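Colleague: What would the 3D arrangement of this be:
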Amino acid sequence: MDTNRSAHRRHAMTIGELSRRTGVPVKALREYTDSGLIYTLGRSPSNYRLYDTDALWCVGFIGELRGLGVTVAEIRELTTAYVDSPDGPVGSHLAELLHRSRERVRQRIAAQEQILDRIEKFEAEHQQHLAEDDLCWAGDPRGCEAQA
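Modeller: Here you go, the predicted structure:
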């Protein structure tokens, strides 16, 4: 009798329990499992996916990386690099992924700053209309100018 295996089974969690314990939706956990980011112990007699406590760490780490803006595809890239070469430079690979994430964030910030600039320009150009609650803008095809 394999006591280590039965001890492992005692700590097995269904995907629902893993979801409750991590706060991650079942759909996301299935995606992580199907893409190889989380390993299962197999299936229960009722055909539920079973996970051990290592999955808690994996889900937490995935969440931390996602919180840093690393995409799921990039996390897969990182895990593939680790699996293919466990003694390889995973840290430098993660540093590159963080650099990519930082650049994406900077691009989004720049785009949002452009929107802020357009808002300020619009407000400056239409200051009088905004102050008077006048919603008739010059060139309005409804003929607001004729109503004035």
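Colleague: what's the residue closest to the geometric middle of the protein?
Modeller: Central residue of the chain (CA atoms, centre = their mean): Arg66, 4.6 Å from the mean position.
Colleague: Now that one: which helix or strand?
Modeller: Per DSSP states H and E: Arg66 is located in helix 54-67.
Colleague: Helix or strand next in line after that helix, which one?
Modeller: Downstream of helix 54-67 (by DSSP H and E), the next one is helix 72-84.
Colleague: which ones are touching Ile75?
Modeller: Leu37, Ile62, Leu65, Arg66 (CB atoms under 8 Å, 6 or more residues apart in numbering). Heads up, the C-betas are built off the backbone N, CA and C, glycines and all.
Colleague: what's the spacing between it and Leu98?
Modeller: 12 Å (CB to CB, to the nearest Å).
Colleague: likewise Arg30?
Modeller: Note on Arg30: its distance to Leu98, by CB to CB, is 27 Å.
Colleague: if we can go back for a sec, helices or strands up against the helix holding Arg66?
Modeller: Packed against helix 54-67, as judged by 3 or more CB pairs under 8 Å, 6 or more residues apart in numbering; DSSP states H and E, are the following elements: helix 15-22, helix 26-34, helix 72-84.
Colleague: If you average pLDDT over each of those helices, which is lowest?
Modeller: Per-stretch mean pLDDT for the helices and strands packed on helix 54-67 is lowest at helix 72-84 (a mean of 90).
Colleague: That'll do, ta.
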